[in-house]
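1. no sequence on hand, only this structure:
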């Protein structure tokens with residue numbers, strides 16, 4: 001990976017709020033999963049009912065009261081991670097399961113993928129929204145949105161790292177490094193937007209040149225973000241790099257196509 005966010009950055013601190021809680025999730029297709037937050041940094045989970053149990057170290061942050069971003073690596077033989085938005089106040093959730101590509105997938109040319117009608121990125125993301133046990137079931141689920149489309153936002157990750165995002169349409173955005181190790185570089189990549197609450201979004205992007213996925217919550221009231229970036233260390237398949245990111249946001253302008 002080429003992104004290099006310094007230790008002196010704008011990430012949110014880990015919150016211990018979830019320690020000791022059990023959270024039961026039901027997806028739109030009826031499938032269930034149960035999460036046991038055993039400590040402030042260890043979570044176990046299993047499919048319902050009675051599936052095998054796994055565990056991992058997790059990182060949890062919170063941009064708003066009773067809304068948490070939880071992230072961890074899934075150690076099941078594939079290069080995968082899971083990110084959860086737990087909206088405990090309204091008993092809603094959204095999960096993003098990311099799978100990094102194999103070496104063969106990485107080595108396939110962009111031209112070949114384009115010619116066969118496939119997406120250019122080889123990073124997969126499964127995005128699922130559903131409910132958390134204990135709610136009334138009367139609240140609309142988190143859902144795809146175009147509310148960010150047309151906005152140009154600058155994100156300051158640290159004193160030395162600054163990017164801008166231009167949200168082009170419901171499928172693509174452009175990133176541009178204004179300051180940092182990628183200064184002057186820019187690209188347009190596949191993305192997804194999920195509305196969590198008023199002016200609060202889950203933004204997911206999947207890069208095509210260097211296999212990378214970003215999963216970030218964007219709060220345009222607080223003008224702050226929290227999330228993570230997942231990729232491989234170095235230029236080949238191997239050790240995963242899964243690190244937290246956070247930034248101060250500034251809305252630069254809004255373009256409207258009347």
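-> Perfect, thanks for sending it. Treat the numbers as computed from the prediction; the structure is a model and nothing was measured. Numbering: from 1, shown residues only.

2. so where's this structure shaky on pLDDT?
-> Scanning the chain for pLDDT under 70 picks out the ranges 1-7.

3. where along it do the helices fall?
-> Listed in chain order, the helices of the chain (DSSP state H) span residues 103-107, 110-115.

4. which residues does the longest one contact?
-> So that's helix 110-115. 119-120, 122, 208 (C-beta atoms under 8 Å, 6 or more residues apart in numbering). C-beta here means a position set from N, CA and C on the backbone, and glycine is covered the same way.

5. in this protein, which residue is closest to the centre?
-> In the chain, the residue lying closest to the centroid (C-alpha atoms, centre = their mean) is residue 215, at 1.4 Å.

6. for it, name its beta-bridge partners.
-> Beta bridges link residue 215 to residue 204, residue 228, judged by DSSP bridges.

7. can I assume it is in contact with residue 201?
-> No. Taking contacts as C-beta atoms under 8 Å, residue 215 lies outside contact range of residue 201: 11.6 Å.

8. tell me the contacts of the residue nearest to the centre of the chain?
-> By C-beta under 8 Å, 6+ apart, the contact set of residue 215 is 71, 83, 96, 98, 202-204, 227-228, 230.

9. at 6 Å what do you get?
-> Neighbouring residues of residue 215 by C-beta atoms under 6 Å, 6 or more residues apart in numbering: 83, 96, 204, 227-228.

10. also residue 105?
-> By C-beta under 6 Å, 6+ apart, the contact set of residue 105 is residue 122.

11. what distance do you get for it to residue 117?
-> Separation of residue 105 from residue 117 (C-beta to C-beta, to the nearest Å) stands at 16 Å.

12. same thing with residue 141?
-> 30 Å.

13. what's the answer for residue 253, then?
-> From residue 253 across to residue 117, the span is 34 Å (C-beta to C-beta).

14. ok, residue 166 touching residue 152?
-> Yes. Applying C-beta atoms under 6 Å as the test, residue 166 and residue 152 come out as touching, 4.9 Å apart.

15. neighbour count: those two, which is higher?
-> Neighbours per residue (other C-beta atoms under 10 Å) separate residue 166 from residue 152, with residue 166 holding more: 19 against 16.

16. residues near the residue nearest to the more buried one when sequence neighbours are not counted, how many?
-> Nearest non-adjacent residue to residue 166, counting by C-beta to C-beta, 6 or more residues apart in numbering: residue 174, 4.4 Å away. Neighbour count for residue 174, taken as other C-beta under 10 Å: 15.
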